[in-house]
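Colleague: Everything below, folded, please.
(chains A and B)
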Number of protein chains: 2
Amino acid sequence: MIKNHNLKVHNSLSGEKETFVPIHKDSIGMYVCGPTVYSNVHLGNVRTFLSFDMIYRYLVHLGYKVRYVRNITDAGHLTDDGNVDNDRFVKQSRLEKLEPMEIVQKYTVDFHKVLETFNLLPPTIEPTATGHILEQIELAQKLIELGLAYEINGSVYFDVVAYNQKGLNYGELSRRNIDDLINNTRDLDGQDEKRNPVDFALWKNASPAHIMRWGSPWGEGFPGWHLECTVMSTKYLGEFFDIHGGGMDLKFPHHECEIAQAKGANGQEPVKYWLHANMLTMNGQRMSKSTGNYILPMQLVSGENDFFEKPFHPGIVRFCFLQAHYRSVLDISNDAMLASEKGFNRLMDGIKNLDFIQNSKESTFDVQNWLKDCYAAMDDDFNTPILISHLFDAVRVINGAKAGTEKLSSDDIEVLKKSLNEFVFDVMGLKSDEASNGKNDKLDGTVQLLIKMRNQARVDKNWALSDQIRDELAAIGIQLKDGKDGTEYSLN
Amino acid sequence: MIKNHNLKVHNSLSGEKETFVPIHKDSIGMYVCGPTVYSNVHLGNVRTFLSFDMIYRYLVHLGYKVRYVRNITDAGHLTDDGNVDNDRFVKQSRLEKLEPMEIVQKYTVDFHKVLETFNLLPPTIEPTATGHILEQIELAQKLIELGLAYEINGSVYFDVVAYNQKGLNYGELSRRNIDDLINNTRDLDGQDEKRNPVDFALWKNASPAHIMRWGSPWGEGFPGWHLECTVMSTKYLGEFFDIHGGGMDLKFPHHECEIAQAKGANGQEPVKYWLHANMLTMNGQRMSKSTGNYILPMQLVSGENDFFEKPFHPGIVRFCFLQAHYRSVLDISNDAMLASEKGFNRLMDGIKNLDFIQNSKESTFDVQNWLKDCYAAMDDDFNTPILISHLFDAVRVINGAKAGTEKLSSDDIEVLKKSLNEFVFDVMGLKSDEASNGKNDKLDGTVQLLIKMRNQARVDKNWALSDQIRDELAAIGIQLKDGKDGTEYSLN
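Modeller: Got it, this is the predicted structure:
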């Protein structure tokens, strides 16, 4: 356990940064709303999951035992409550001529592959909505018994007005006024069986054509989307747990409904800290399939897209995402990605240069203070952009020490090695360029050997051979660059 | 659709090879018993899953639309019916101090990673036992109503004697005599609540300490292992489907119980063709943790083990497995793996050599007949060893054509290219060596350049330089080997 931290997190519930005090000393329960697996995962969602991956990694780095639950929504995600034909899985399965669970499997596999590409750690539990139908029925029953839900025509709705009459304050997270909501919510087509338009479905009666259906006390049907997260979070983390995360867009109604369901059933706030990640835009605009301002995560990596001049390896994308604070809007563009690539390479080169420094008796850089600053950045609501700026300070000093303009003691070099590795690889989850930019030990060995032979050729004034080596390497995509510190190379 | 095939499969139910006629023309339903995710997947299981991956790939290659269901057992796998403390998940979760669903997640992630390493395609649906608790309860209820199961002390057991009194023939798959079974099954400790020792659990009452539990008409409990496969196969494939696969060791009791449950509930045989894959031994002995004759799949690839002199890349393992028929026992050993490596490389080199053949007007090899033989091998119960021997015939001819001792027409070269690609990469699921043995274009380019420079050095009688190149390459794990056709290299 790394002690003496004063981690502060921005709690959406209070709207303020609060000191983070876990409910159970060294163990943390964290729930993050996962994907609805009816299509390829959106790059914006990848940013959200990556933000919580970084948070998870930092908490683990601090020494906490984290139970990290991220669900898979594989049933019941209606685009609106009113029309069961808007079940995303049923719709997509009709489109792709596949059984809904084949849709689920196809896009779950895709989701895992994309997240692995960007080096996200798997959560410690990954429960599915279909894996908790019984528990969802039980919770809906309990809410009916408590007078907080009602059955009508085989569907069950949460009674928001009854909830608020108990003084439980629906709208507390998103700071919405329930009366405004009730008065301003338009009555959508087919929602007239609800007592009030703000009520939301806990269970929906399945029409005869609806494939995904389960038996229940109210006839065959399927669970509402909000219910699953309450069931799965409390089942695995208890009725009161530390962190609930998700995208900003889920704050209302999804997270508001989660609070209402849990507070209604268990009589207490379910979550101590609500964390919300902000959205991703591209070229200054919202990403959306319909406008065409849209790119799949793997298209950014493969280069098969119309927005970026070249492919960017996953580590660069990851670095780019972490250059913005998770609560800020992040805009990606060709220029931003090129800048991130430069930054990423500079950081990796800096780490490598640590191996080529002559140590001095004294340092010209206060490494302990730097280390404190790094932790202070992360302790300040996981401020990765500030952390990165500190990392670049270290890189500047390391490069200086290599060039002889700065000095570092052997102790400080060791501290830098250890901390840079921890922050860059463990916490930020980047991979060394060996894995991510195509370089590897053997290739590096052969290129270094060729550089050495070319240097010898130049000493021998054998310009033909020297040029031949450079040109043949260029032909297979390896560029040599001669500088004052010798010859370096890059791959393209 | 590749027409005019006469695929025959060995059906364990009849004990004979039968002509394969799908129930629904061009669509096939296939169910394979998946892993119990309470520990790392066993190399023997990898062989089983790989066998069915090959079968799946061949059926897809033939043009069938295959719905391929492979489950994940994440609940209720008791080592025996009698003692609920033998729940594998509960036991392992106590051992690792994790919540059972953390155990499930940890080993599901491991399972997927291992299977991806060996290039297995994901199934089209991958349902979990915990995802079908409701359906399992419903089936148990139905069997009680039909007089084929009984409840006692909150547990539900299948009544084998009642089943057989209906003339339904328990034991038909494994060809066991029910009377012998009844008379010879020893009465295990704690099983006395069963009417007969051969009865098996559909639902088990959960002791107070049992964490994995769900509400049911019989109180809180959890499903028996056999029930889930019947529920998931019929839910996604119907009450009568084409292929059910699994390891030989599952034939009794697991698959026997599946038949009894389905036949009892639905009044018909559930499966048209039962396929069973045989076991894997190492150095002539059963693999088993307790005897120490045991290796994890990834240890074979990493080389971290005491049985093999070097690491073998996943493609070689895959090739080795396919060199035996799926219904034969396969023994792996250091020598066998080295032989497979040679064979694998020979096959890949042969495919590459196709690009360096001068085409002739006529061929000295009957390619159409060869192609027929290849399909005949696969149509004969997926006989991959025979297929591989035909592939080596083609390699011999290709190498001969390259050396000028055989002739191939341009048409035949095209047929060979297409079919070799289909059989080797699509059906057998091998990857070209570029991806699997660490070679890649850039590395190959630099090594070829160094070989060229070394050849020049030898022409110049510059032995020092020639030796330097060889030695420095060896130092980074690249071995040069001079032969009559020039210099080749290998990586280690």
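Colleague: how close does A:Leu50 sit to A:Val66?
Modeller: Computed with Cβ to Cβ, to the nearest Å, the distance linking A:Leu50 and A:Val66 is 16 Å. Placement of C-beta: from N, CA and C, glycine included.
Colleague: make that A:Ala262, sorry
Modeller: 21 Å.
Colleague: Name all residues that make contact with the residue nearest to A:Glu488 when sequence neighbours are not counted.
Modeller: In space, and not counting its chain neighbours, A:Glu488 is closest to A:Lys481: 5.2 Å by Cβ to Cβ, 6 or more residues apart in numbering or on different chains. Applying Cβ atoms under 8 Å, 6 or more residues apart in numbering or on different chains to A:Lys481 gives the contacts A:Thr487, A:Glu488, A:Tyr489, A:Ser490.
Colleague: and the residue of the stretch 51-200 of chain A at minimum distance from chain B, what is it in contact with?
Modeller: The minimum distance from the stretch 51-200 of chain A to chain B, using Cβ to the nearest Cβ, falls at A:Gly131 (4.2 Å). Applying Cβ under 8 Å, 6+ apart, one finds that A:Gly131 lies in contact with B:Thr128, B:Thr130, B:Gly131.
Colleague: distance of it from B:Asp482?
Modeller: To B:Asp482, A:Gly131 is 60 Å away according to Cβ to Cβ.
Colleague: Which single one of the contacts of A:Lys481 is nearest to chain B?
Modeller: Distances from the contacts of A:Lys481 to chain B were compared by Cβ to the nearest Cβ; the smallest belongs to A:Tyr489, at 10.3 Å.
Colleague: residues of the host helix or strand of that closest one that come out buried?
Modeller: With elements taken from DSSP states H and E, the one containing A:Tyr489 is strand A:486-491. Taking 16 or more other Cβ atoms under 10 Å in any protein chain shown as the neighbour-count basis, strand A:486-491 is seen to contain the buried residues A:Thr487, A:Tyr489.
Colleague: and stretch A:16-30, is it in reach of chain B?
Modeller: No: using Cβ under 8 Å from any Cβ of the partner chain, stretch A:16-30 stays clear of chain B, coming no nearer than 10.6 Å.
Colleague: list the buried ones in that stretch?
Modeller: In terms of neighbour count (16+ other Cβ under 10 Å), stretch A:16-30 has its buried residues at A:Phe20, A:Pro22, A:Ile28, A:Gly29, A:Met30.
Colleague: Check the gap between the second one and A:Val459 for me.
Modeller: Think A:Pro22. Between A:Pro22 and A:Val459 the distance is 63 Å, computed by Cβ to Cβ.
Colleague: got it, and the third one?
Modeller: Using Cβ to Cβ, one obtains 60 Å as the distance from A:Ile28 to A:Val459.
Colleague: same question, A:Asn278
Modeller: Computed as Cβ to Cβ, the A:Asn278 to A:Val459 distance reads 56 Å.
Colleague: Have a look at those two and say which one is more surrounded.
Modeller: Here A:Asn278 and A:Val459 are set side by side on neighbour count (other Cβ atoms under 10 Å in any protein chain shown), and the busier one is A:Asn278, at 19 against 9.
Colleague: Which phi and psi values does the closest residue to A:Gly247 other than its chain neighbours adopt?
Modeller: Taking Cβ to Cβ, 6+ apart, and ignoring the residues beside it in sequence, A:Gly247 has A:Thr48 as its nearest neighbour in space, at 4.4 Å. Main-chain dihedrals, A:Thr48, degrees, to the nearest 10: phi -60, psi -50.
Colleague: Hmm, A:Thr48 is touching A:Ala277, no?
Modeller: Yes: using Cβ atoms under 8 Å, A:Thr48 is in contact with A:Ala277, at 4.4 Å.
Colleague: I'd like to know which residues of the stretch 151-300 of chain A are adjacent to chain B.
Modeller: Taking Cβ under 8 Å from any Cβ as the measure of proximity, the stretch 151-300 of chain A contacts chain B at A:Trp214, A:Gly215, A:Tyr236.
Colleague: and the closest residue to the first one other than its chain neighbours, what does it touch?
Modeller: Right, A:Trp214. Leaving aside its chain neighbours, A:Trp214 sits nearest to A:Ile133 (4.9 Å; criterion: Cβ to Cβ, 6+ apart). Counting by Cβ under 8 Å, 6+ apart, A:Ile133 makes contact with A:Ala75, A:Trp214, A:Pro223, B:Ile133, B:Leu134.
Colleague: Just the ones of those residues in strands?
Modeller: Using DSSP state E to define strands, the subset of the contacts of A:Ile133 located there is A:Pro223.
Colleague: Flag every buried residue along the strand or helix carrying A:Phe52.
Modeller: Taking DSSP H and E as the definition, A:Phe52 sits inside helix A:43-61. Within helix A:43-61, the residues that count as buried by 16+ other Cβ under 10 Å are A:43-60.
Colleague: Kindly format the C-alpha coordinates of that helix as CSV.
Modeller: Provided in CSV are the C-alpha atoms of helix A:43-61 (Å, rounded to 0.1, in the frame of the first residue of the first chain):
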residue,chain,number,x,y,z
LEU,A,43,-14.6,5.2,-30.3
GLY,A,44,-16.2,7.6,-27.7
ASN,A,45,-17.1,4.5,-25.6
VAL,A,46,-13.5,3.4,-25.9
ARG,A,47,-12.4,6.7,-24.4
THR,A,48,-14.8,6.2,-21.5
PHE,A,49,-13.7,2.6,-20.8
LEU,A,50,-10.1,3.7,-21.1
SER,A,51,-10.6,6.5,-18.6
PHE,A,52,-11.9,4.0,-16.0
ASP,A,53,-9.1,1.6,-17.0
MET,A,54,-6.6,4.3,-16.0
ILE,A,55,-8.5,4.9,-12.7
TYR,A,56,-8.6,1.2,-12.0
ARG,A,57,-4.9,0.9,-12.7
TYR,A,58,-4.1,3.9,-10.5
LEU,A,59,-6.1,2.5,-7.6
VAL,A,60,-4.4,-0.9,-8.0
HIS,A,61,-1.0,0.9,-8.2
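Colleague: Kindly provide the distance from A:Tyr326 to A:Val271.
Modeller: Using Cβ to Cβ, we find A:Tyr326 at a distance of 17 Å from A:Val271.
Colleague: State whether A:Val69 is indeed within a strand.
Modeller: Yes: if the criterion is DSSP: H, G, I helix; E, B strand; the rest coil, then A:Val69 is within a strand.
Colleague: Isn't it up against A:Ile28?
Modeller: No: under the criterion of Cβ under 8 Å, A:Val69 makes no contact with A:Ile28, lying 11.2 Å away.
Colleague: Count the neighbours of A:His244 for me.
Modeller: Taking other Cβ under 10 Å as the definition, A:His244 ends up with a neighbour count of 28.
Colleague: So what pairs up with it in the strands?
Modeller: In this entry, A:His244 is beta-bridged to A:Tyr31, A:Trp274, by DSSP bridges.
Colleague: On the pLDDT front, check it for me.
Modeller: Taken from the predicted model, the pLDDT recorded for A:His244 is 98.
Colleague: and if you look at A:Lys91?
Modeller: pLDDT for A:Lys91: 78.
Colleague: Next up, phi/psi of it, please.
Modeller: phi -60, psi -50.
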